[in-house]
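Undergrad: Sequence plus predicted model, see below.
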Amino acid sequence: MIHDMHVHTDDSPDATIPAEELVRRALDQGLGGLGFVAHLDLHPEDCCHGGFDPEGYSRSLESARKVSRGRLEVLAGVEIGEPHRYPAEAAEVLAGRDWDFLTGGLHWTREAGLVLGPEAFRGCPPDRVVRGYLEEALEIVATCDIDILAHFGLWRRGMAMTGLDTGLDEGTLFPDLAKEILRTMIRRGIALELNCAGLRRRERITYPTPAVLRLYGDLGGRLVTLGSDTHDDPWVFYGLEEGRRLLLGSGFREAFLFRSRSPVPYPLT
């Protein structure tokens, strides 16, 4: 039973569906659990900046668990944007609460800006954008207190919106840097998320790509999570089955959920 470890409730400014409703839909679809993540974005230009309400989010999770009545696991997580740039601010916001997992996401790079849209690629060569993204991803996994690295390779979203070819392989283009990121994650016990959101967008591919996922496995990586990156209709829990098949085809027989900041495996078959 799949655990979708990347689900946004209406506690995030860019999402629209209450946690209770998401639990009902997950029960209908036979999911095993939901890893809820609220956006904690501290970049002043981000659309979600200032939108994280810890008390309100806690109430939403409590309501979701009441709806679930133990039939589906409700896990409390946060997606921290650019955690390497705002570690003290993030720690202050998150202190004093029990979290099942903390996810790190990279949306803004220092040089190119927001990689979710086309602007990053209008003023910077694509290979330079990708290299900058990888360098900051390495900084995140080497220094931050996170359990999961979210949507690795998200720059493909902005690249596709610009009309550029998203088929380049970062593992081939920057092999040493890509391997250092993955090896650092393995060494520190940070899970690699297979994010299915790109399957519903122009790029029609997961983050990371199958090639990067296989590289991670070849290097000895085993900690993987599966996430839809749900925000709103009609894309609730979209792509999970395709993601499951991709994990199996890449040699993974189990994925992971997190409870109390510890990874717990579950079978993919």
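TA: It's in.
Undergrad: Check what contacts stretch 214-223 and list those residues.
TA: 171, 178-179, 182-183, 185-186, 189-192, 208, 224, 250-252, 256, 263 (C-beta atoms under 8 Å, 6 or more residues apart in numbering). Quick note: C-beta positions are derived from backbone N, CA and C, even for glycine.
Undergrad: Filter those residues down to the buried ones.
TA: Buried members of the contacts of stretch 214-223, counted by 16 or more other C-beta atoms under 10 Å: 171, 178, 182, 185-186, 190-192, 208, 224, 250, 252, 256, 263.
Undergrad: re earlier: in strands, which of the contacts of stretch 214-223 fall?
TA: Among those, the members falling in strands (DSSP state E) are Ala191, Leu192, Val224, Phe256, Pro263.
Undergrad: Check the gap between the closest residue to the last one other than its chain neighbours and Met5 for me.
TA: What that stands for is Pro263. Distances taken as C-beta to C-beta, 6 or more residues apart in numbering place Phe256 nearest to Pro263, at 4.4 Å, with adjacent residues excluded. According to C-beta to C-beta, to the nearest Å, Phe256 and Met5 sit 8 Å apart.
Undergrad: Strands along the stretch 51-200 of the chain, start to end?
TA: Using DSSP state E, counting those that start in this stretch, the strands of the stretch 51-200 of the chain run over 73-81, 101-105, 108-109, 113-114, 148-149, 191-195.
Undergrad: Kindly reformat these as a markdown table containing mean pLDDT.
TA: Below are these laid out as a markdown table (pLDDT from 0 to 100):
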| stretch | mean pLDDT |
| --- | --- |
| strand 73-81 | 98 |
| strand 101-105 | 98 |
| strand 108-109 | 97 |
| strand 113-114 | 96 |
| strand 148-149 | 98 |
| strand 191-195 | 98 |
